[in-house]
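Trainee: Build the 3D model from these lines:
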Amino acid sequence: MAETAPIRYAILGFGFIGRRHAEIIKGHPDCELVGICDIKSEKKEAAESYGVPFFNDPEALLEAVPEAEVICICT
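Mentor: Residues are numbered from 1 along each chain as shown. The predicted structure follows:
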């Protein structure tokens, strides 16, 4: 059986629900977190622990991480 590539996710909104989504994505072997976006710059530090780029603007996220297949809207 051929292996499939993981589904690539980005998160828009990194409050409680966004962090919960990040934990689920990072914990699933068939998923990959590729970017996080929140308008509040102070969320960047928490996002950095996931090892993915952080953005303050959704358009910048979409331009910089076109490989994202699913955007979790957690605002």
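
Trainee: Quick check: what element follows the helix or strand of the chain with the lowest mean pLDDT along the chain?
Mentor: The weakest-scoring helix or strand in the chain, judged by mean pLDDT, DSSP states H and E, is helix 44-48 (a mean of 90). Per DSSP states H and E, the first helix or strand lying C-terminal to helix 44-48 is strand 54-55.

Trainee: and that next one, which strands flank it?
Mentor: strand 31-37 (parallel) (DSSP bridges).

Trainee: Against which helices or strands is the lengthiest helix in the chain packed?
Mentor: Looking only at the chain and at elements set by DSSP state H, the helix with the highest residue count is helix 16-27. In terms of contacts (3 or more CB pairs under 8 Å, 6 or more residues apart in numbering; DSSP states H and E), helix 16-27 is packed against strand 7-12, strand 31-37, strand 70-73. For every residue, glycine as well, the C-beta is placed using N, CA and C.

Trainee: Give the bridge partners for residue 37, please.
Mentor: residue 12, residue 55.

Trainee: Where does pLDDT dip in this structure?
Mentor: Flagging of the chain using pLDDT under 70 yields the residue ranges 1-2.

Trainee: The residue positioned nearest the centre of it: what's it in contact with?
Mentor: Nearest to the mean C-alpha position of the chain, counting by CA atoms, centre = their mean, stands residue 10 at 3.1 Å. Taking CB atoms under 8 Å, 6 or more residues apart in numbering as the criterion, residue 10 is in contact with 33-37, 61, 65, 68, 70-72.

Trainee: All set, thanks.
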